[in-house]
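need the 3D shape of this:
(chains A and B)
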Amino acid sequence: MAPLKVLVGVKRVIDFAVKVRVAPGGHVVQEQGVKHSLNPFCEIALEEAVRMRERGEAAEVIAATVGSRQSQDALRTALALGADRAVLVELPGAGPEQGAGPGAGPGQGAGPPLVAAALAKLVEREKPQLVLLGKQAIDDDCNQTGQILAAILDWSQGTFLSRLELDPGSSSVRIQREVDGGLEQLRLQLPTVLTADLRLNQPRYATLPNIMKAKKKPLEVQPLEQLLGGPVPPPRLRVLRLEEPPVRQGAQRVESVPALLERLAALGRI
Amino acid sequence: MAWCGAPRAARLRPLLPARLRCGAGRRRIASCIDPSAGLTEEQKEFQSIALGFAAKEMAPHMAEWDEKEIFPVDTMRKAAQLGFGGIYVKPDVGGSGLSRLDTSIIFEALSTGCTSTTAYMSIHNMCAWMIDTFGSEEQRRRFCPSLCSMEQFASYCLTEPGSGSDAASLLTSAQRKGDTYVLNGSKAFISGGGDTDVYLVMCRTGGPGPKGISCLVLEKGTPGLSFGKKERKVGWNSQPTRAVIFEDCVVPVSNRLGAEGQGFSIAMKGLNGGRINIASCSLGAAHASVLLAQEHLRIRKQFGEPLANNQYLQFRLAEMATRLVAARLMVRNAARALQEERDEAPVLCSMAKLFATDACFEICNQALQMHGGYGYLKDYAVQQFVRDVRVHQILEGTNEVMRMIVARSLLQA
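The predicted model follows:
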C-alpha cells in the first residue's frame, strides 16, 4: 500500500467569534486589527489528512493557501497542527485589507476560480493523489473552490464529507457525504478532490511542542503570477455594496390564527 | 449562515448564557484590553490554544467543579497533553521549555476558563520546575516526566499551623538516620493535599532559621504520611486543600532536592515564579470579569436606558480596564526580569503579585457589583471569579509579606 501525498488547501478568515463590521465606504468588512484564524472547515480537512499520515496511509501532508503575506500565520497554525510543509501562493499588489484584492472575491480574498487555478498549478507541481479542502470558507460561504478545482483537473470530486476511508491498495476512497436527502456513500477512484464537512472529525489542539516544531518546518512563498506562469486575470466580481443586516424590529403578538392572517394580509405579505 | 455549525461554535454552544460568556464571547475590534497586544506571533499561538482550551474544556464546567468540589483530573491531563503540565520545565524530561513570560500568558488565558483549576496547575508547574532545576539527574528523570504529563500530580508543602508568613520558623523535623530522614510534623493548607502523588516538603534538617531547612520529595503511600480532613473553602473548590501529617515518616536521602540547608532557598526561588503565575491567574479572572461586566452594561436597561449610558458606570468600567492593563504590564515585566535572571527580579515578582492580585480582586468585585442582584447568584460566573481570586491576595506570600520584601530591598543598606 503506497502512502499518498495529500495537498490540503486552507484559508485564513476572520475568526468566527468576531463581531464583523462593514468598513467605511461600504465595500469591504473591517479587517485591520481583527482576529483571524484558520477556517474551521479547513481545520477539519487538515485534521483528516494528518490522521491519514498517522495511520500510515499518507506519507506527506502539504498545506497550501492563496492569500496575502499575512496568511502565513494560518500556514504556521497548519504546520503546528501536523502538516509537514506549507506553501503560500502570494497575491500581488495591495492586500485585501485595503479592499483592492485582485480577484475581489466576496470574501475579499482571491475568489474560488483564482484559488482553484492556483491549486491546480500546485497539483501539477506536487502531484498529490488526494486534495482535501474545507467545504466552504466562513467569510464568503462560496462552496465552489473544491468543485472548480476538480473540474480543472478533470478529477473525481467528493464534497461535504462526513466520513473518509482509504481502500486497501490505495487506489480508491470510500466516502460518505451529507446531502439534502440524507447520507450518500460513494467510492471514488484516486486522484480525487474532497471537501470536508463539519462531522468528518474533531480537530485536535495544537500542542506547545508542536508550535515550536512548526517553526522549523518548510514554509515556501510563491508569487501567484510566477505560479500561474502569466499575469493574474482581472477580478470577475465587483462588490457593489456591503451592508449590515437591518436592526431587528420588535415583534407583534396576535391572539389567534385568523388575526395573524389578517395582519399578514394588511402588511401585503400574503 | 451555513457555517453556523462550525466546529468551534459547536464546541462553544452558540447561544451561551451570560454566565458562560467569559473569554469566549463576541469580541470587539482592536480592544484596549486585548491580552495579545505586544506579543510575538508564537506567543499569540500559545495564547490562542490556551484560550480555546479554556473556553471549550474548562468554562462549561467551572461552576460544577466549584459546586461539587471536583478535582478535574481528566481535564488537567488533557491540558498536560498540550504541554501545560511542565510549561517552563526543560524538554529533555518532558517539559515544554518555554519562558516565564510565555507561562504567564498561558496561565492568564487558562484562568478565563476556571481560575481555581488553573491556579492549581500553576502550583503543579512550580513543583515540577523545582525538581527539574534543583534535582539530580536521577531525580529529574524519576519525577519530571510523569509530572509533566500529569500522570502524577504535585503539592508544595511549606506552610504549617504555626508558621505562615514566618515561613522560615517551620518546625517539621527531618532527623537523619543512616541513609534516610525521619519526618515528624505537619503542614497546613496544602493545595491538592491527599489527592496528589508527589509532595515537595520543606523541613528542618539543621538548626533554626532558613539555613536549617531542606527540601524533600515524598510520595503518597509512604508509611507515616497521612492527611487531614478536606477543608471547606470560600473558593478554589476545584482543588482539595488538606493538612499533610508526618508521623515517623521515613524518606530516603536520595529524595532530597539539592543540599541540606538549601531547602528554603529552593522554596523561595520556586515562589518567584509561583507569584507571577498566581498573579497571571488573577489577570485572567479579571479580564473575564471585565468582559462579563461590559456585556451586562450593554444588555441591562434601567430608567429606560442601557446601563452603558450611565456615566458613573462608564467611568467605573474605564478604571477597571485601566487597572487591568497596568496589572498585566507589572506581571509581564516581572516575568521578563525573572527569565533574564536580573537581580531585582524577585522584588519585581513580589510587586507584581501584590499589585495584580489586589487590583484584579477589585476588578472582579466591581464587575459583580455592576451585575446588581444577579451578580450575587451562582448562576452567574462573576461571583466565582471573585471568590476564586480572593485567596490570591493571601497565599504564595500574603500581600503584606510582599510589602515587606519590597521595603527591605529599598531600605537595606
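
can you pull the poorly scored residue ranges out of the stretch 251-400 of chain B?
By pLDDT under 70, the stretch 251-400 of chain B contains no weakly predicted segment.

for the stretch 51-200 of chain A, same thing?
A:93-108.

kindly report the residues of it close to chain B.
Residues of the stretch 51-200 of chain A found near chain B (CB under 8 Å from any CB of the partner chain) are A:D73, A:R76, A:T77, A:A80, A:Q136, A:I138, A:D141, A:N143, A:L198. C-beta: built from backbone N, CA, C; applies to glycine.

so what's the residue count around A:R125?
12 (other CB atoms under 10 Å in any protein chain shown).

so which strand or helix has it?
Assigned by DSSP states H and E, A:R125 falls within helix A:112-126.

report the closest residue of the stretch 151-270 of chain A relative to chain B.
A:L208 (3.1 Å; CB to the nearest CB).

spatially, what comes nearest to that residue if we skip its sequence neighbours?
B:G83 (3.1 Å; CB to CB, 6 or more residues apart in numbering or on different chains).

how about that neighbour, what does it touch?
Residues in contact with B:G83 (CB atoms under 8 Å, 6 or more residues apart in numbering or on different chains) are A:T207, A:L208, A:P209, B:S96.

can you check what pLDDT the model gives it?
The model reports B:G83 with a pLDDT of 95.

my read is it is in a helix, agree?
Yes: the assignment for B:G83 by DSSP: H, G, I helix; E, B strand; the rest coil puts it in a helix.

the stretch 101-250 of chain A: helices as residue ranges?
For the stretch 101-250 of chain A, the helices defined by DSSP state H, counting those that start in this stretch cover A:112-126, A:145-153, A:208-214, A:224-228.

how about the contacts made by B:C127?
Counting by CB under 8 Å, 6+ apart, B:C127 has contacts B:L147, B:A154, B:S155, B:Y156, B:V198, B:L200, B:G270.

ok, of these, which one's closest to chain A?
B:L147 (15.5 Å).

now name the helix or strand holding that closest one.
helix B:137-148.

doesn't B:Q81 make contact with the residue of the stretch 151-270 of chain A closest to chain B?
No: look at A:L208 against B:Q81 with CB atoms under 8 Å: they stay out of range, at 10.1 Å.

of the two, who's got more company?
Applying other CB under 10 Å to A:L208 and B:Q81 shows that A:L208 carries more neighbours, namely 25 against 14.

next, the spatially closest residue to B:P346 that is not a sequence neighbour: phi, psi?
If the residues on either side of it in the chain are set aside, B:P346 comes closest to B:N272, at 5.1 Å by CB to CB, 6+ apart. Backbone torsions of B:N272, given as degrees, to the nearest 10, read phi -60, psi -50.

so what's the residue count around B:N272?
B:N272 has 22 nearby residues by other CB under 10 Å.

the one 4 residues further on now?
By the criterion of other CB under 10 Å, B:I276 has 32 neighbours.

make sure I have this right: it is in a helix.
Yes: the assignment for B:I276 is a helix, going by three-state DSSP.

I figured it hits B:K353, correct?
Yes: applying CB under 8 Å, one finds B:I276 in contact with B:K353, separated by 7.3 Å.

which residue ranges of chain A form strands?
Taking DSSP state E as the test, the strands found in chain A are A:4-9, A:12-14, A:36-38, A:58-67, A:85-90, A:130-134, A:156-166, A:172-179, A:182-189, A:192-196, A:219-223.

now those as TSV including distance to B:P161 and mean neighbour count?
Converted to TSV, those look like this (distance: least, CB to CB, whole Å; neighbours: other CB atoms under 10 Å in any protein chain shown):
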stretch	distance to B:P161	mean neighbour count
strand A:4-9	59	25
strand A:12-14	55	23
strand A:36-38	50	21
strand A:58-67	58	24
strand A:85-90	58	23
strand A:130-134	59	29
strand A:156-166	60	20
strand A:172-179	63	18
strand A:182-189	65	12
strand A:192-196	59	27
strand A:219-223	57	15
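
can you redo these as a markdown table with distance to B:S265?
Putting the strands of chain A into a markdown table (distance: least, CB to CB, whole Å) gives the following:
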| stretch | distance to B:S265 |
| --- | --- |
| strand A:4-9 | 51 |
| strand A:12-14 | 48 |
| strand A:36-38 | 44 |
| strand A:58-67 | 48 |
| strand A:85-90 | 46 |
| strand A:130-134 | 54 |
| strand A:156-166 | 57 |
| strand A:172-179 | 61 |
| strand A:182-189 | 65 |
| strand A:192-196 | 55 |
| strand A:219-223 | 45 |
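
out of those, which gets nearest to A:R238?
When the strands of chain A are compared for distance to A:R238 using CB to CB, the nearest one is strand A:58-67, at 19.5 Å.

strands paired with that closest one, and their directions?
If you go by DSSP bridges, strand A:58-67 pairs up with strand A:4-9 (parallel), strand A:85-90 (parallel).

send the alpha carbons of the last one over as PDB?
The C-alpha coordinates for strand A:85-90 follow below in PDB (Å, rounded to 0.1, in the frame of the first residue of the first chain):
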ATOM      1  CA  ARG A  85       5.300  21.700   4.900                       C
ATOM      2  CA  ALA A  86       3.400  24.700   3.700                       C
ATOM      3  CA  VAL A  87       3.100  26.800   0.600                       C
ATOM      4  CA  LEU A  88       1.900  30.400   0.400                       C
ATOM      5  CA  VAL A  89       0.700  31.500  -3.000                       C
ATOM      6  CA  GLU A  90       1.000  35.200  -2.600                       C
END
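
distance from that strand to the middle of the chain?
With CA atoms, centre = their mean, to the nearest Å as the basis, strand A:85-90 stands 15 Å off its chain's centre.

next, the angle from that strand to strand A:219-223.
Using axes from the mean of the first three to the mean of the last three CA atoms, to 10 degrees, one finds that strand A:85-90 and strand A:219-223 are set 20 degrees apart in direction.

go on, the first one?
Note on geometry: by the same axes, to 10 degrees, strand A:4-9 and strand A:219-223 are set 60 degrees apart in direction.

got a list of what A:N39 touches?
A:V10, A:K11, A:R12, A:V13, A:G134, A:A137, A:I138, A:D139.

quick one, phi/psi of the first one?
Put plainly, it is A:V10. According to degrees, to the nearest 10, A:V10 has phi -130, psi 160.

do you know how far it is from B:I190?
Counting by CB to CB, to the nearest Å, the gap from A:V10 to B:I190 is 47 Å.

can I get the residues of the stretch 51-200 of chain A next to chain B in TSV with distance to B:Y374 and neighbour count?
TSV is the format used below for those (distance: CB to CB, whole Å; neighbours: other CB atoms under 10 Å in any protein chain shown):
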residue	distance to B:Y374	neighbour count
A:D73	39	16
A:R76	42	23
A:T77	38	25
A:A80	40	23
A:Q136	39	25
A:I138	33	23
A:D141	37	14
A:N143	42	17
A:L198	34	23
